[in-house]
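1. Next input, structure requested:
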Amino acid sequence: MEIVIKAGEVVPEGHVDLNAPDVFAFYNAQSADVLSLSMRCAAAPFDLDGRTYATLEDFWRGMDGEPSERRRERLALAIAAQYSSDAAGSSGLRMHLLETAPKTIICVDIDPWLGMQAAGGLSVGQNGMGRALMATRAALMEG
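-> Residues are numbered from 1 along each chain as shown. You can find the predicted model right below:
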């Protein structure tokens, strides 16, 4: 069964309209050369725990085999490290994140924890990356 939400219909609780004006949705599979919130964005290499990562994707793939909860915690640390780096400032990546405020950030990804999908008009997924980006954005705006 496919459910499609049409213009003007109320989105069921727990779902997000990815086209709503208060939502900033991005695809997590954008090119490394594009300034974006995608894990592939190579504009701001960063250091974490004595290692340098070219992208968040490099960091994430390096955690294969780790328990899910640890991967989630570490992703939040990696996002904070990347967006507070000098490279994020000079490349414009940090400003790109800050300019999304006050919108809800939604990562569109096939991984149901990392992002969300909206097949048939209803969003599903936990948006873990979007949540981590919003937490980092809030911390950057405070300090």
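2. what sits against residue 25?
-> For residue 25, the contacting residues are 18, 19, 105, 106, 107, 108, by Cβ atoms under 8 Å, 6 or more residues apart in numbering. The C-beta positions use only the backbone N, C-alpha and C, and glycine is treated the same way.
3. The first one against residue 107, yeah?
-> Read that as residue 18. No: using Cβ atoms under 8 Å, residue 18 makes no contact with residue 107, being 10.5 Å away.
4. Phi, psi for residue 62 please.
-> phi -70, psi -10 (degrees, to the nearest 10).
5. Looking at the contacts of residue 25, which two lie furthest apart in space?
-> 19 and 107 (15.3 Å; Cβ to Cβ).
6. Which one of these two is surrounded by more residues?
-> Between residue 19 and residue 107, counted using other Cβ atoms under 10 Å, residue 107 has the larger neighbour count: 25 against 9.
7. Can you pull the phi/psi pair for that one?
-> For residue 107, the backbone dihedrals (degrees, to the nearest 10) come out as phi -90, psi 120.
8. per-residue pLDDT, it?
-> For residue 107, the pLDDT comes out at 95.
9. hang on, the earlier thing: between residue 18 and residue 107, which contacts overlap?
-> Counting by Cβ under 8 Å, 6+ apart, the contacts common to residue 18 and residue 107 are 25, 116.
10. Give me the residue ranges of the chain where confidence is low.
-> Scanning the chain with the threshold set as pLDDT under 70 gives 1-15, 119-122.
11. That one: strands as residue ranges?
-> Assigned by DSSP state E, the chain shows strands spanning 23-27, 46-48, 51-53, 104-108.
12. What about the closest residue to residue 137 other than its chain neighbours, how many residues nearby?
-> Spatially, and ignoring its direct neighbours in sequence, residue 137 is nearest to residue 97 (5.3 Å; Cβ to Cβ, 6 or more residues apart in numbering). Applying other Cβ under 10 Å, we find 22 residues neighbouring residue 97.
13. Now do the contacts for residue 97.
-> 37, 83, 133, 136, 137, 140.
14. winner for burial among the strands of the chain?
-> Across these, averaging neighbours per residue (mean count of other Cβ atoms under 10 Å) puts strand 104-108 on top, at a mean of 22.
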